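1. build me a model from this:
(chains A, B, C and D, ligands or ions: 4)
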Amino acid sequence: MRIAREFLRRPTAVFGLIVVLLVVIGALAAPLIAPYAPDEQLFDGLTLEGAPIGPDAAFLLGTDTLGRDLLTRLLFGARTSLIIGVVANGTAVAIGLGVGMLAGYLRGPAGNALMRFTDLMMAFPALLLAIVLAALFHPSLWIVAMVIAMVNWVQVARIVYTETRGLVERDFILAERSLGAGHGRIVFRHVLPHLMPTAIVWGTLGIATTVLLEATLSFLGVGVQPPEPSWGNIIFESQSFFTSAPWLVIFPGIAILLTALSFNLVGDALRDILDPTQRGRM
Amino acid sequence: DETPVKGATIVVTYKDDIATLDPAIGYDWQNWSMIKSLFSRLMEYTPGTADLVPSLAESFEVTPDGLTYTFKLRKGVKFSNGRDVVASDVKYSIERAVNPKTQGPGAGFFGAIAGFDDLSGGKAEGLSGIETPDDSTVVFKLSRPDATFLHVLAINFASIVPKEVVEAEGQDFGKKPVGSGAFILKDWVIGQKLVFEKNPNFYVADTPKIDGFTVEVGQEPLVALLRLQQGEVDIAGDGIPPSKFLEIKNGPDAADIIVDGEQLQTGYVALNTRVKPLDNVKVRQALNMAVNKERITRIVNGRATPANQPLPPLMPGYDKDFKGYAYDIEKAKALLAEAGFPDGFETALYASSTDPNPRIAQALQQDFAAIGVKAEIKALANANVIAAGGTEGEAPMIWSGGMAWIADFPDPSNFYGPILGCAGATQGGWNWAWYCNKDLDARAIAADSMSDPAKKDERAKLWGSVFTDLMADAPWIPVFNERRVVAKSKRMGGPGNIYIDPTRVINYDAIYVKQ
Amino acid sequence: MIELILRRLGGALMILFGVAAITFMLLYALPADPAVQLAGRSATAQTVANIRHELGLDQPLLLQFVHYLGNLVQGDLGRSYTQKTEVMTLILARLPATLILMVSGILVEVAIGLTLGTIAALNRGGFVDRLVMTVSFIGVSAPQFVVALLLLYVFAATLQWFPMSGFGTFSHVVLPALTLGVLGAGWYARMVRSAMIDVLNQDYVRTARAKGVAERAVILRHAVPNALLPIVAMIGIDIGQFMGGVVVVEAVYGWPGIGQLAWQAIQQVDIPIIMGVTLISSLAIVIGNLIADLVAPLIDPRIRPR
Amino acid sequence: MSGDIRTAPVLSVDGLTVDALTDRGAKRVLDAVSFCLAAGETLCLAGESGSGKSVTSLSVMRLLPRASLRIVSGSIKLGDRDLTGLGERAMREVRGRDVAMIFQEPMTSLNPVMTIGKQLLEPILIHQGGNEASARAQALRMLDAVQITEPARRLRQYPHELSGGMRQRVMIAMALSCRPKVLIADEPTTALDVTVQAQILKLMRELKGEFGTSTILITHDMGVVAEMADRVAVMKDGRLVEIGSAVDIFERPTETYTRELIAAVPRIGARTGTDGPPAVTAEAKAAPLAEKSLEPVLAVQNLKVTYGARASLFGRKAGQLAVDGVSFELRAGRTLGLVGESGSGKSTTGKAVLGLIPYEGYVAIDGEELMDLSVRAMRPVRRLAQMIFQDPYASLDSRMTIGAAIAEPMLIHGIGDRTDRADRVAELLRRVGLTPDVASRYPHEFSGGQRQRICIARALSLKPKLIVADESVAALDVSVRAKVLDLMLELQETEGLAYLFISHDMAVIERMSHDVAVMNGGRIVEYGSRRAVFENPEEDYTRRLIAAVPIPDPSQRHLAMTG
Ligand SMILES: Nc1ncnc2c1ncn2[C@@H]1O[C@H](COP(=O)(O)OP(=O)(O)OP(=O)(O)O)[C@@H](O)[C@H]1O
Ligand SMILES: Nc1ncnc2c1ncn2[C@@H]1O[C@H](COP(=O)(O)OP(=O)(O)OP(=O)(O)O)[C@@H](O)[C@H]1O
Ligand SMILES: [Mg+2]
Ligand SMILES: [Mg+2]
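-> Residues are numbered from 1 along each chain as shown, chains lettered A, B, ... in the order given. Ligands and ions are numbered 1, 2, ... in the order given. As a prediction, this is how the structure comes out:
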């Protein structure tokens, strides 16, 4: 209740939430509201020479290079991109949070081993790992999502590790231990909440980069497979068209940016609201 | 004014690195033309055509049984290191191409030379079928007649290399090539550029027509085109990217910049004859009828013409009266029903992940969907598609675009053996349809044995019928014959076919800068 | 100090070994067969088998790996399958370009990030702050290829201030570095902002003001050096991103760096090159972090070992 | 106005009013504060935390955070110039040259990445111009003046290479380097050890004589006030409630608040002649506690703690012995005071006896040896022994309501159900003098004293027998400190608690303890009953500690005199 009230007092957060909701609704209701079928290569969708058609009455956002309606593709693509951006990135943050926290809390040989493993993963070129993993398992949306998660958790783990090390030194953790609190309790009730700001920052800031990473994978033939649309691969497929058919880059670009920005606004607001020391301040 | 400017040098760009200029190894469409110009071979083609002429050889004779070829070498030809080219160089060069240690991909072309099996099997050090009675005579003894043998002697793998340099450089020969062709490699800055200079001693008069050319690598095609329009680049080797094609084609400079010509290429869908339900010929026929080739050519902005048989129109043996399978959805559905799939089926379509291939795959997918066949697209890196195609039972359908390249030499046999004959239907082979028709194989061998030049037309007919007949089994869906579009700067002169030479892509020996 | 460096180098060797082992196993698990790939369409089965044998691909995996490691210890990364050249030669030829691009890219991104982050921190909560943060967000979410081409169109093709492509002079490096810098600056701007906000609340900043130090000097002399600390660690991490992430920018500007080499090798399954590039980038990351660790004491005397 | 130079004010503040801008509107922070400062005079600003002392001094410097604090009205005159109307540029000229400032935390007030030399030279170069060399000479003279050894070497050193006392000397040198008319020192010695504090105070008095600087000294330590002040201004809630000469304020305070403040000040030697702390509850007053039990709640023998030892590639690193062979015992209902300079190993001992850090030796709580107990086996022991930390804010989870924090020990030990716990939380809050309705608030919404009470409530929730109190009142105001100490005494009397009371404040130790252990360099150098240790110290070290404590009586100034 308090959270909702505080949230509604922030115009930027409300704006972010509205955009996020619109995107989610758009994604869920895509079959109902999209003007065409997502993969339908319309006869009228290309000029006689085979060029895509710019925004007009029939195609509000224009068509792509196969003559498909861009608006429809963007609506359906929201599903993929949300899964990649939110689920895959969320999983990466969760793994990073888990590993970093565990290593930072345990310290000693176990913690060290975890961090050495993280260092190893960090030194491993991420893109290569993604390509190989995706090639080994036949690419599908969920595999790609998991691959991205596998690749992206490393930085989060590093940062969380450092932060946890700092937290564990703090008096209130010592106080908990002196009260006889078990490890689980300390980790989940006391350490974790303090890591939430970091998690939120990475969770929201990573959305855009993750969506674009998925597109890079598609481009290498290890991403989400066509004709399944995702915002990233719509941009990627047609990025060289940005002078001859700018709408193919601009609209999905705006979609990614706006969504990522909105998640970020919501995240920033949540971070402040959930932090009791920020209460009452702006 | 169309007269060549003397002393001009030009700039050519490519995106990818030039792999190697070793003629026994280089086998992609960028280095193919360069190797052609660095080395000479016994036989060569007249620029812009598929007409074979003696080159390093002054003359040659063939015995009536077609088993012995005797070549007289041109006198006074020198390698760029100054040494004369002699008969033993020819023997050495071809043995090197066949020798497994070389790791050359072209060994198989020389299979007709006597002693081939011993050398490629590691049982001998040389080819017993090549003899050099004196410094200017080379005699080839074949173990079977081979109508394509003169073509084989004109492909890059038959280029003549100097033994002592090859042995001195070892594996690095491909980076420091020495030959006797029209150009000499002056400098190679890895990852940046290759500088070719005219060979002043080249034995063909008035060739080459430019003083040299620089190949800049690592150039994004879009940027290369931009530079070309500004006059910084003379030939954009990767052609015009789809996103720019219409803009340029409809632009004011189109006529000066674009060279658009046919090449020996067919884009096809390989239908795996060993995967259910594609093992049913009716299913394959139905799929053939389902594809709207007109629309697909529209997607590539009209840079291709619809195809109905494996052979491209320029290839001897092409049957222009052959109708193939017309686009007919109703008939396709009926055939599917006959085959027991009234509701269609699910399958997979593999394709290269480089543009425009995923787009073409999607167009195909939509066409198949129209007759109830749900094809899942697997757009993968080339290597992975090739691996899937060469594994039995793995890939039901493969769109060949981006991987099936241009013919090695303008002879129909080159379109059969590895990609449609029984020999190619093996693990790691390129017969992705896994099509093996013993009967046709026999006819193919028969056609290839007709080495008498007088029977040229008869042989072409015979070959043509092999390809049209195999369409009854429908192992492929021939989709289109892609035309090659090259972008050149306004100052470049000469007819289009030296930029899209049927046997060497860009003919560096023939291109020139006009006044 | 020496002990620290030695320990870190030991760790680095372990990491490199791990990277080599993992990469090797992963690459050989790939379905693609380099021999088939090399032999091309017209090759016979015999030719393919010969090539496979000559490349040693028909040996047991473990043996291949041991062999590879053995060569590696002697500084031999093997020969490229497709280019038939020493991988070491190929990498060394391209390494300078990548290093130049990396260093200048990082300089630009740190410069932009530092400026924007500081401005945002000084205007915390205000309009300028929001604007800067939004701009940094655009930087983070923009597709590289489009940004690179856009800069190229505007500054090279139209205004002709810089050459469109190539390598060698200072003017060649401006646009690629700028592209990387613009795209990466967003992260730095955010980091710098929070670090600066932190630092500006520190007592010593107040002390400086109490001494009568001018505001500019307070920020540049007192605040920025302290805010640099977290940034240094970030640069160490960033080097890794750079080694893998410059492909697109290199391609657009015809920059002869490692990225293009890696990209081609991946597409052609040229395993020796992929291995080589992977190891080199891991080495760069490890060295980058090591340098970050060694540079940090220069900035922060508190962690200077005595 | 008289022309007497002695009384002509150097600085006069008149009707200074400052508002804080919050999102709930403006909040008055300073309300019409007026005072003046004569040449060569030391004016002490005293008052509880949050009364506006720092805001006053920052206003004079015009260094209030622009975003949140604003001078609404009033004037600040330096000579004839009104600083409130000065532009930023002109104000910069004033700062450091005419008015200089020293802050509380010498640790954080110096830029950690700049050499001492650079920082010292900065104001000299800004205000006096000249070249590096002359500035350097001036800096060296200043370091000499503040009695720093090897000044030339210090210039090249970084702050972290100096001790706290030295850093504060550097701060003073920096502040005085341009011979300002006015020096503002905001809690300059609070963060320092008593012995170091004594040196710094002495130094400040000497320098005042030498430079003739007028000083505004902010402190909440009435001992320091008595030691230093010519005049004293007492602040409360943003108002200046009383101002007068030091002797007047201490001996004849007119305001009740001032009286309370003076009364709350612990005086060393106040308990001379008694055996234990004063009785605070009625019952205890009536019947002083007898020696209840002979069984020690805490027994420690030969305790050793080593920091930083670890195995490395190059053999084992020895580490630092922070506690070296400490032995003592503590019986129920009694308090052992552990006193010593900073870094002497007090906190380490406190943590080790609760098994919070690895140690060697013998520690037993209520007869149970701690060594090698698992987390689970340790749990019953944890019920018996609790800790109260120095910084109450840091020891509370800022993301947890204080109700949850107090209930947490019960939750951990599975005591009672939800309502039981809620009842107990309410009871505990009342017990420590808070109302139960604050349970849903977060730590940052309380004052320091309240937070410390919350920590005590949390420690009490398991009804322990032993409490280790590590500098538990160090961060608190005098008046609040007195209340918290009384609360602790009361709890001891009613619950029979035993305290291991750690502090560096001799006066507090004297008030609270039955027995005292004096630590130095990780060892207990003197151990005995409080009476013995304070009235008859055997060790020189102990004597020095006692002598360094400022006495809150202006008539008994002694620090400046002692050598
Ligand atoms: N930046 C600020 N924004 C809002 N209010 C502030 C700010 N700084 C101080 N205050 C308020 O001003 C009042 C006086 O604070 P000040 O720091 O002067 O107290 P103090 O007497 O120095 O206390 P202490 O002994 O704890 O240092 C307090 O109520 C405090 O909450
Ligand atoms: N976590 C730690 N790691 C390494 N050394 C430490 C650590 N904590 C304390 N020390 C060192 O151990 C010694 C004793 O420290 P301790 O905190 O016990 O002193 P203290 O008497 O409580 O001092 P203070 O009055 O400043 O709180 C000091 O020299 C300190 O530097
Ligand atoms: Mg204060
Ligand atoms: Mg302590």
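
2. where does pLDDT dip in chain C?
-> C:1, C:243-245, C:304-306 (pLDDT under 70).

3. and it, split by domain according to the record?
-> C:1-82+C:268-292, C:95-263 (automatic domain parsing).

4. so can I have JSON lines of the ones you listed showing distance to chain B and mean neighbour count?
-> (Glycine included, C-beta is placed from N, CA and C.) Shown next, in JSON lines, are these (distance: least, C-beta to the nearest C-beta, whole Å; neighbours: other C-beta atoms under 10 Å in any protein chain shown):
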{"stretch": "domain C:1-82+C:268-292", "distance to chain B": "4", "mean neighbour count": "19"}
{"stretch": "domain C:95-263", "distance to chain B": "4", "mean neighbour count": "21"}
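
5. which one of those domains lies nearest to D:S73?
-> domain C:95-263 (23.5 Å; C-beta to C-beta).

6. taking chain C, what residue is nearest to ligand 2?
-> Distances between chain C and ligand 2 by C-beta to the nearest ligand atom are smallest at C:R302, namely 14.2 Å.

7. hmm, stretch C:277-297 touching chain A?
-> Yes - using C-beta under 8 Å from any C-beta of the partner chain, we find that stretch C:277-297 touches chain A at C:V277, C:T278, C:S281, C:S282, C:I285, C:V286.

8. hmm, the helix or strand encompassing the fourth one touching chain D?
-> Assigning secondary structure by DSSP states H and E places C:S282 in helix C:271-299. Yes - Helix C:271-299 reaches chain D (C-beta under 8 Å from any C-beta) through C:I299.

9. run through the neighbouring helices and strands of that helix.
-> helix A:108-123, helix C:2-29, helix C:87-122, helix C:224-245, helix C:258-268 (3 or more C-beta pairs under 8 Å, 6 or more residues apart in numbering or on different chains; DSSP states H and E).

10. run through chain D and note the low-pLDDT ranges.
-> Using pLDDT under 70, the flagged stretches of chain D are D:1-7, D:23, D:282-294, D:309-318, D:558-563.

11. related to what we said a few turns ago, of all the residues of stretch C:277-297 next to chain A, which comes closest to B:S80?
-> Once C-beta to C-beta is applied, the member of the residues of stretch C:277-297 next to chain A that ends up nearest B:S80 is C:V277, at 33.4 Å.

12. can you list the residues of stretch C:277-297 next to chain A in CSV and add distance to ligand 2?
-> As requested, the residues of stretch C:277-297 next to chain A are exported to CSV (distance: C-beta to the nearest ligand atom, whole Å):
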residue, distance to ligand 2
C:V277, 43
C:T278, 39
C:S281, 37
C:S282, 34
C:I285, 31
C:V286, 29
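
13. how distant is the longest strand anywhere in chain B from the center of its chain?
-> Determined from DSSP state E, the single longest strand within chain B is strand B:476-488. Here strand B:476-488 shows a centroid-to-chain-centroid distance of 13 Å under the convention C-alpha atoms, centre = their mean, to the nearest Å.

14. tell me which strands it pairs with, and in which orientation.
-> Here strand B:476-488 has these sheet partners by DSSP bridges: strand B:235-236 (antiparallel), strand B:258-262 (antiparallel), strand B:267-271 (antiparallel), strand B:304-306 (antiparallel).

15. can you get me a residue count around the residue of chain B found nearest ligand 2?
-> Distances between chain B and ligand 2 by C-beta to the nearest ligand atom are smallest at B:G191, namely 51.6 Å. A count of nearby residues for B:G191, using other C-beta atoms under 10 Å in any protein chain shown, gives 24.

16. phi first, then psi, for it.
-> Dihedral pair for B:G191: phi 80, psi -10, per degrees, to the nearest 10.

17. likewise B:G104?
-> Dihedral angles for B:G104 - degrees, to the nearest 10 - are phi -80, psi 140.

18. residues in contact with it?
-> When contacts are counted by C-beta atoms under 8 Å, 6 or more residues apart in numbering or on different chains, B:G104 is found next to B:A24, B:I25, B:R96, B:A97, B:V98, B:F157, C:T47.

19. how far away is the closest residue to chain C within the stretch 151-282 of chain A from A:S81?
-> For the stretch 151-282 of chain A and chain C, the shortest gap (C-beta to the nearest C-beta) falls at A:A208, measuring 3.3 Å. The spacing between A:A208 and A:S81, counted by C-beta to C-beta, to the nearest Å, is 10 Å.

20. for A:V93, same thing?
-> To A:S81, A:V93 is 17 Å away according to C-beta to C-beta.

21. next one: B:V485
-> B:V485 is 34 Å from A:S81, by C-beta to C-beta.

22. which of the residues in stretch D:210-223 are buried?
-> By neighbour count on 16 or more other C-beta atoms under 10 Å in any protein chain shown, the buried set for stretch D:210-223 is D:F211, D:T213, D:S214, D:T215, D:I216, D:L217, D:I218, D:T219, D:H220, D:D221, D:M222, D:G223.
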